[in-house]
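**Student:** Structural data only, the sequence is not supplied:
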């Protein structure tokens, strides 16, 4: 049976504005613009037939999910497994400061596929670990009755899932706040759709 997943990134947050590394930080909240972006996601997904939205537990994702769910008239299910990648010791840092202090790890982290998949910041998670965690969550969701599912997630979650499934490199700049990615699970295979 075909299952359609619409993964969307949360709206802009205070940490996005400050160019801070968010990761699993809970204090980064949606800005007014972020709420507007979530409203736009709801408008774009209105005619897709989404039956439920699964959300990361982080407040920025839950707030975005709730705004979209209200527009679609569906419920939100919070799933711990959808949380953002842990960036360990660099979480909360201004990105340029983190790059200056941990440039050697950033270079490996940003390197060529597949080597970059197994690099992490101290106390953090690798891209491969994120990919495997998220794929497991999505595979579990394929066993549920809903056929068309929204996923409120994060840049890292979407990037590493797409990279792992399709071996396509997507940079952070390619996944703007409110971006939507449509992937399909059918006959045991995953594919990306427009």
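**Tutor:** Received, thanks. All of these numbers come straight from a predicted model, not from anything done at the bench. Numbering: from 1, shown residues only.
**Student:** shaky segments in this protein?
**Tutor:** Within the chain, no range satisfies pLDDT under 70.
**Student:** Please enumerate the helices of the protein.
**Tutor:** Taking DSSP state H, the helices of the chain run over residues 14-18, 32-45, 59-72, 95-101, 103-109, 127-141, 155-166.
**Student:** Please identify which of these is closest to residue 7.
**Tutor:** helix 155-166 (5.3 Å; Cβ to Cβ). From N, CA and C alone the C-beta is placed, and that goes for glycine too.
**Student:** about what we covered before: relative to residue 180, which of the helices of the chain is closest?
**Tutor:** Closest approach to residue 180 among these (Cβ to Cβ): helix 32-45, 6.2 Å.
**Student:** Buried residues, that closest one. List them.
**Tutor:** 34, 35, 37, 38, 39, 40, 41, 42, 45 (16 or more other Cβ atoms under 10 Å).
**Student:** what's the answer for stretch 132-152, then?
**Tutor:** Those would be 133-135, 137-138, 141-142, 146, 148-152, for stretch 132-152 by 16+ other Cβ under 10 Å.
**Student:** how close does the residue nearest to residue 149 when sequence neighbours are not counted get to residue 46?
**Tutor:** Spatial nearest neighbour of residue 149, excluding adjacent residues (Cβ to Cβ, 6 or more residues apart in numbering): residue 5 at 5.2 Å. For residue 5, the distance to residue 46 equals 17 Å [Cβ to Cβ, to the nearest Å].
**Student:** Who has more neighbours out of the two?
**Tutor:** Higher neighbour count among residue 5 and residue 46: residue 5, with 21 against 13, using other Cβ atoms under 10 Å.
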